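Asker: from the sequence below, what's the structure:
(2 chains)
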Amino acid sequence: MHKKWFVFILIILCSCTSQDKPAVSFYYWKTVFKLSTIEKKVLKDNNVSKLYIRYFDIDIDRAREAFPVSPIHFTDIPELFTVVPVVYIKNKVLLESSTDVEELAQKVNDYINQINAKNNLHCDEIQIDCDWSLESQNKYLAFIKTFKKISGRKLSATIRLHQVKYYKKTKIPDVDSGVLMYYNMGTIATDSTNSIYDQKIAKRYLSSLEKYPLKLNFALPVFSWTIHSRDKKVVGLRNKLRKKDLDNDAHFKELPHHFYEVIADNYKGGIFYRQGDLLKVEAIAADDLLEMASDLENNKSQLPKEIIFYDLDEFNIQQYEKNIFEKIISRF
Amino acid sequence: MKKTSLKKLLVVFSALLALVYGTIYACGGGGDWGWSFDSNFTPETFVDQSYRSLFLSTDIFYGDGFDNKHNSRFNDEIVQDWSAYLKGVATTEDVHYFLIDSSAIAVKELNTFYRNKRSSDAVEKWKNKVDLKNSRFTEFVQFLYLAQELESVSINNDYWSYEPVVNKVYKGHRLVPALIKKYNSVTDSFLKNRYWFQIVKTYFYSDDYKNTINFFQSTADKTPKNVLYYRALSYVAGVNYKQKQYALSNYQFSQVFDQCPPMRVVTAYCFRPQEEADWQQSLAMAKNNDEKVALWALSGYYTNEEKSIEKIYELNPKSEHLDYLLTRLVNRLELKTNKSFEKITVSENKKSTKDSLTSSSTNLVFKITDEGKVKNEFLWNTAAGYLATLKSDYKKSDSYYKRAEKYSTNTPLAINQLRLLKFVNSLSKVNNVSDLKKADLSKELNWLYFEIYNLEIADFRFENAINWSKTYISTLFKADKNQVFSELFVRTTDFYDKENNLRAMKTFLDKSNKSDFELIAEKVYDVHSSDILEYEAIRAAFSNKIPEAIQLMQQAGPAQNYTLLGNPFNGTIKDCHDCDHIAKQSKKYSKLDLLNTMNLMQDKLAANEEVYSNALLLGNAFYNMSHYGNARVFYESNIIGYGFSEFDFRDKMRGMLTNTTQSKLYYKKALSAATTDEQRAKCHYLLSKCERNDYYNLKYKDAENYWDRRNDGINFLAWKGFNELYSNYSDTKYYQEVITECGYFDSYVRQQ
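Answerer: Down below sits the predicted model:
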């Protein structure tokens, strides 16, 4: 009798453990890896074991040759974490007719190995991030195939919403799993929409999620930025500019719909703001994150293994209550 | 040290401020190639070359997009300096080799030779070329030996080689004492100056901020204020930036900007006030008006040209820095002008341009120009004239241009720049066709449209004036309801879809004794009489008016002889144009040959001769001359257009090119006259191809383009011809051929 109860309790316990909930992971997108006290605490509090670290971007130079941009440097070594290098490939690299995917795959793999070797790191998985288009699709798919073969590691890729909905046209990269980027839904524009997240836009794609054949984890935004425009043209994204910074500065006047107007020329945070410039603050509130989690939960085909937050930066994290990540995960 | 970096030897002399911002990679290429299409105002006309990168750009820096001369900016100057020092000892070519090319091994071996007399390949090679014992050459080698050691940290051009640190730091501590020893011991001022610079640079790349500043400060007074001095000062400014001494750093960069023209682009990149307060502090550091001017001049690049111009002018109206800021201001203002004449008159267009310009900017330019205190009167009067044009004050513009002419530098660019702006003013005065006639701009139009290309003046922005003036003139004629002249200056896609237009244009083009203006209009228009005749001929052919088509095509010039790529009388199972084009053709048909042969066949058909064959061949000819056939060359022409997809053609043309009426008509005639099942089978199949084409035409009738089509999953239907072939002609040889070649028919048969 006792034995039976024990087994029963064990089953109950097992089914209640965190394995039923997705794990919390983070993207690390800065060019120097160094964790602040706050960042370390967030990782610890949320039992984070995996970090997706942007290793480098790939762009093309004047001679139309692919080259790595701003590779990561490690001031801290992320010993306690499973590291997944992320490589962001600009679509124009693949649109360039002279790009040889085999050569590129070899170079990318070698470069990741150099970074790992010189920093005593090891990885079992690599993630490729690319907003490929119909024009670059064949090259991208060929790159993924070759890269998988060359790297011999588990491979994941970021997937945009439109790639989920139109997967028959855009095709599915030959990877072990995908990460649905549930942000950057609109264009960075001077109008009043939020380019990071808009539930109305998201809903156009959500229903396609359950039909998508690739296993997906979800990436959610925990960042904000301010769009700086002049003469109705976007002149820059200001990552470290907050509403409260603008509220406390007499050079800026608040307008409706999260806009601010520059009322006198001034320098702020190394940037010049000209009188008449407009600033649009785009941020993601905790309620937005919970809404995303519920919408994804209601439309997913299978439980994601991880929810990856973009990105780990104390500047971003401090905007939220301490238990936000736990609350989001509990929606799944 | 890696071999790759050994090859890049001149970092010693480069001004890479790696500690400040790291390497700025050259990405993508500059986006400034298109200025000629957006601007009438060429800054190169007026401003010194050292400001070039700072002209208004659609990228970070004008021209190249990014600053990409980190390792080469001073190459020429250094070779020149050392060549002068080594005059009579080594040739410029040899000096160039040691300074710029892969000389590290040679330098090392020569240096060893000086120390212990040990010979080597380099010694053997160079002893025949230069006097190795010459003291100047010895000094040169010793300097290079010390200088090249720093390169391992100051250069990295190998993209795919990862460095585990953000900035490489020089760690060979023995270098500084050696340099200081030389600096203190050499008496030659040239060498002393170079060792001085090398010491600052080495401290900088060794991350030794304290000594970079201390050494510089303790020796600056004794050092000549030459390029090396300002390069060293920029290292000091970089160190101050790194130590968050932004006000001081920016102040120092402004001094370099002011005094060292080759460094202007570098300082423009590095100058970065963080907060309003540190910018004000920088201003407070300025010891005199010139230093204040330098700060405003540099800040004007990133901030507000108008304000900087105003401030600089107050401080020193003769400052050269005003010039580049003015060109930026003018280029920025002209981007706001209304370039569209769609559905508006020229007067409305000019009013919207006038309203778009901020009066404070234009008034400032007028005021400064009127006061006549600036150094570059040519620039200011030209700019004021142009802005007056944009403000619709044409008389004012004329008077500024008159003064500008007086001060012109008279370079080809200056002469033509002013001429272009004067033309823009003259045409802007015109409000209707009768004004245009009075203005008599023929000479200027001839120059702008035809002669200007032969002048080959580098940097000259003239394309915008060409396009603007054509649209302007076209709009005048449109308002005057003169469709022909409106079309001559701006071609519209559907002009020839209206019969009246076609007739009127033919009358104009055929007219003899054209006026100068009419001749220009004819010359800028890219449709000729022969194009219209060819168009009429093709239209007649598609309407099955073959004799008329022949008569028109015969007048259509060389187009009548264009050779078709495949045999237009073949009727194939598959519509494979490439296959038809590479197939052996005993006779090649020109456009005219096709029509003539069709005419012969039609005559025979009318006389009931070989009805089946002639009707079938005529059906094939109409099929092949359509969008679906192998003879698209027949219709591809100036007025109809060119394109792979039917959606590349305007609606009216698409309707004509995809119409299968004529081919069906003749295939049906052939079917009626057929005497064998083989013949009937063929006619049924060829008719099914037409039926298929009609189905898709209808399906995509309203689609805007290929991507707009509905994907209903239907690849083919059971065409009537398939049904006939399957039901009644399955025992024919042709049936078997179709089964082999046409997968759809094969699928259809399998489903029965």
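
Asker: quick check: which ranges of chain A have low pLDDT?
Answerer: Chain A contains residues with pLDDT under 70 at A:1-19.

Asker: surely residue B:290 is in a strand?
Answerer: No. Counting by DSSP: H, G, I helix; E, B strand; the rest coil, residue B:290 is not found in a strand; it is helix.

Asker: what's around it, how many residues?
Answerer: 14 (other Cβ atoms under 10 Å in any protein chain shown). Just so you know, the C-beta spots here come from the backbone N, C-alpha and C atoms, and that holds for glycine as well.

Asker: is the lengthiest strand in chain A positioned near chain B?
Answerer: Under DSSP state E, the strand in chain A containing the largest number of residues is strand A:50-60. Yes. For strand A:50-60 and chain B, the contact criterion (Cβ under 8 Å from any Cβ of the partner chain) is met by A:59-60.

Asker: what are the boundaries of the helices in the stretch 101-250 of chain A?
Answerer: With DSSP state H, counting those that start in this stretch as the criterion, the stretch 101-250 of chain A has helices at A:101-118, A:137-151, A:161-165, A:167-170, A:199-206, A:243-247.

Asker: quick one: the longest strand of chain A to helix A:101-118, angle?
Answerer: 130 degrees (axes from the mean of the first three to the mean of the last three Cα atoms, to 10 degrees).

Asker: report the buried residues of strand A:50-60.
Answerer: The neighbour-count check on strand A:50-60 (16 or more other Cβ atoms under 10 Å in any protein chain shown) flags A:50-60 as buried.

Asker: widest-spaced pair of those residues?
Answerer: By the measure Cβ to Cβ, A:50 and A:60 form the most distant pair in these, at 31.0 Å.

Asker: mind listing what's buried in stretch B:386-400?
Answerer: B:386-393, B:396-398, B:400.

Asker: then stretch B:646-657?
Answerer: B:646-647, B:649, B:653-654, B:656-657.

Asker: and what of stretch B:54-66?
Answerer: Result for stretch B:54-66 [16+ other Cβ under 10 Å]: buried residues B:54-57, B:60-66.

Asker: got it, and stretch B:355-367?
Answerer: Those would be B:357, B:361-362, B:364-366, for stretch B:355-367 by 16+ other Cβ under 10 Å.

Asker: swap in stretch A:126-135?
Answerer: Those would be A:126-132, for stretch A:126-135 by 16+ other Cβ under 10 Å.

Asker: and that stretch, end to end?
Answerer: 24 Å (Cα to Cα, to the nearest Å).

Asker: not counting it itself, show me its contacts.
Answerer: With contact meaning Cβ atoms under 8 Å, 6 or more residues apart in numbering or on different chains, stretch A:126-135 is reached by A:52, A:84-91, A:94-95, A:112, A:140, A:143-144, A:147, A:151, A:153-158, A:160, A:169-170, A:173, A:175, A:179.

Asker: next: stretch B:111-128.
Answerer: So stretch B:111-128 is in contact with B:105-106, B:109-110, B:132, B:138, B:141-142, B:145, going by Cβ under 8 Å, 6+ apart.

Asker: try stretch A:28-45
Answerer: So stretch A:28-45 is in contact with A:26, A:48, A:51-54, A:70-76, A:78, A:81, A:310-314, A:317-318, A:322, A:325, B:166, going by Cβ under 8 Å, 6+ apart.

Asker: CA-only coordinates of the helix or strand encompassing residue B:147 in CSV, if you can.
Answerer: Counting by DSSP states H and E, the element that carries residue B:147 is helix B:135-148. The C-alpha coordinates for helix B:135-148 follow below in CSV (Å, rounded to 0.1, in the frame of the first residue of the first chain):
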residue,chain,number,x,y,z
SER,B,135,74.1,57.8,-42.5
ARG,B,136,70.7,59.0,-43.7
PHE,B,137,69.8,55.5,-45.0
THR,B,138,71.1,54.0,-41.8
GLU,B,139,68.8,56.2,-39.8
PHE,B,140,65.9,55.4,-42.1
VAL,B,141,66.3,51.7,-41.6
GLN,B,142,66.7,52.0,-37.9
PHE,B,143,63.5,54.2,-37.7
LEU,B,144,61.6,51.7,-39.8
TYR,B,145,62.8,48.8,-37.6
LEU,B,146,61.4,50.5,-34.5
ALA,B,147,58.2,51.8,-36.1
GLN,B,148,57.2,48.6,-37.8
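
Asker: from the contact counts, what lies against that helix?
Answerer: Under the contact criterion of 3 or more Cβ pairs under 8 Å, 6 or more residues apart in numbering or on different chains; DSSP states H and E, helix B:135-148 touches helix B:75-85, helix B:92-100, helix B:104-116, helix B:175-185, helix B:189-205.

Asker: what's the closest of these to residue B:599?
Answerer: Using Cβ to Cβ, the nearest of those to residue B:599 is helix B:75-85, at 72.0 Å.

Asker: packing partners of the closest one?
Answerer: Helix B:75-85 packs on helix B:92-100, helix B:135-148, going by 3+ Cβ pairs under 8 Å, 6+ apart.

Asker: what's the domain layout of chain B?
Answerer: As given by automatic domain parsing, the domain ranges for chain B are B:1-24+B:74-159, B:32-66+B:244-330, B:170-240, B:336-408, B:420-527, B:557-751.

Asker: most tightly surrounded among the ones you listed?
Answerer: domain B:32-66+B:244-330 (a mean of 21; mean count of other Cβ atoms under 10 Å in any protein chain shown).

Asker: residues from chain B in reach of chain A?
Answerer: So far as Cβ under 8 Å from any Cβ goes, chain B lies against chain A at B:25-29, B:68, B:159-162, B:164-166, B:272-276, B:278-279, B:299, B:302-304, B:307, B:336.

Asker: and the residue of the stretch 301-450 of chain B closest to chain A?
Answerer: residue B:303 (4.6 Å; Cβ to the nearest Cβ).

Asker: what sits against that residue?
Answerer: A:265, A:272, A:274 are the contacts of residue B:303 under Cβ under 8 Å, 6+ apart.

Asker: which among those residues are in contact with chain B?
Answerer: Answer for the contacts of residue B:303 near chain B (Cβ under 8 Å from any Cβ): A:265, A:272, A:274.

Asker: low-confidence ranges, the stretch 351-500 of chain B, go.
Answerer: In the stretch 351-500 of chain B, no residues with pLDDT under 70.

Asker: need the residues of the stretch 151-300 of chain A near chain B, please.
Answerer: Neighbours of chain B within the stretch 151-300 of chain A, by Cβ under 8 Å from any Cβ: A:231, A:251, A:265-270, A:272, A:274-275.

Asker: just the residues you listed: which are in strands?
Answerer: Among those, DSSP E puts A:266-268, A:272 in strands.

Asker: thinking again about what came up before, tell me which of the domains of chain B sits nearest to residue A:108.
Answerer: So among the domains of chain B, domain B:1-24+B:74-159 is nearest, using Cβ to Cβ, at 11.9 Å.

Asker: follow-up on the earlier one: residue B:738 is nearest to which of the helices of the stretch 101-250 of chain A?
Answerer: helix A:167-170 (31.2 Å).

Asker: list the buried residues in that closest one.
Answerer: A:167, A:170.

Asker: packing partners for it?
Answerer: Helix A:167-170 packs on no helix or strand, going by 3+ Cβ pairs under 8 Å, 6+ apart.

Asker: which ones among the buried residues of stretch B:386-400 lie within helices?
Answerer: Among these, the ones falling in helices (DSSP state H) are B:386-390, B:396-398, B:400.

Asker: adding pLDDT and secondary structure as columns, could you present the buried residues of stretch B:54-66 in JSON lines?
Answerer: Listed next are the buried residues of stretch B:54-66 as JSON lines, based on pLDDT from 0 to 100; DSSP: H, G, I helix; E, B strand; the rest coil:
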{"residue": "B:54", "pLDDT": "95", "secondary structure": "helix"}
{"residue": "B:55", "pLDDT": "95", "secondary structure": "coil"}
{"residue": "B:56", "pLDDT": "94", "secondary structure": "coil"}
{"residue": "B:57", "pLDDT": "89", "secondary structure": "coil"}
{"residue": "B:60", "pLDDT": "78", "secondary structure": "coil"}
{"residue": "B:61", "pLDDT": "86", "secondary structure": "strand"}
{"residue": "B:62", "pLDDT": "89", "secondary structure": "coil"}
{"residue": "B:63", "pLDDT": "81", "secondary structure": "coil"}
{"residue": "B:64", "pLDDT": "70", "secondary structure": "coil"}
{"residue": "B:65", "pLDDT": "66", "secondary structure": "strand"}
{"residue": "B:66", "pLDDT": "70", "secondary structure": "coil"}
